[in-house]
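Asks: Structure for the following, please:
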Amino acid sequence: MHTKFTARRFRARPEIKAHAIDAIKKLDKFYDGIVNVDIILSFEGAAKNIKIAEANLRVYGVVLSAKEKSDDFIRAIDAVVEKLGIQLTKYKSKLHARDKNKVRAIQEKV
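Replies: Numbering: from 1, shown residues only. Next comes the predicted model:
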């Protein structure tokens, strides 16, 4: 899995970057066909103090994305990883159901 990290409008601390990359690597337990991941952290204004974490995950033929706003980058990253885990399990179940339907159609013809 190739991981690209981007911080917009600020310079990310090494701890935040390491946490984001480690959290995304944990998604391999849901599905091992992840090709590419883009992690984007951004910051909205000093007065609002809103931190945004976004991740775009490319699997074979599909792009899954999640975005979360929080007052802390760590919480936002964890929420994004949780959302992507749910999306990956749904994607994987749809993929298996499609394969089962193909097999059933072939068996019916024989």
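
Asks: wait, is Lys83 part of a helix?
Replies: Yes: judged by DSSP: H, G, I helix; E, B strand; the rest coil, Lys83 forms part of a helix.

Asks: just so I have it, where are all the strands in this structure?
Replies: Counting by DSSP state E, the chain has these strands, from start to end: 2-8, 34-44, 50-59, 62-70.

Asks: Turn those strands into TSV, including distance to Arg98, mean neighbour count and mean pLDDT.
Replies: In this view, the C-beta of every residue, glycine as well, is placed from N, C-alpha and C. Listed next are the strands of the chain as TSV, based on distance: least, CB to CB, whole Å; neighbours: other CB atoms under 10 Å; pLDDT from 0 to 100:
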stretch	distance to Arg98	mean neighbour count	mean pLDDT
strand 2-8	26	13	94
strand 34-44	19	18	93
strand 50-59	14	20	95
strand 62-70	12	16	95
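
Asks: Spatially, what comes nearest to the residue most central in space within the chain if we skip its sequence neighbours?
Replies: In the chain, the residue lying closest to the centroid (CA atoms, centre = their mean) is Leu84, at 4.3 Å. Counting by CB to CB, 6 or more residues apart in numbering, the nearest residue to Leu84 once its immediate chain neighbours are dropped is Ala66, at 5.0 Å.

Asks: The one you found reaches Gln87, doesn't it?
Replies: Yes: contact criterion CB atoms under 8 Å: Ala66 and Gln87 qualify, at 6.9 Å.

Asks: Cool, thanks, talk later.
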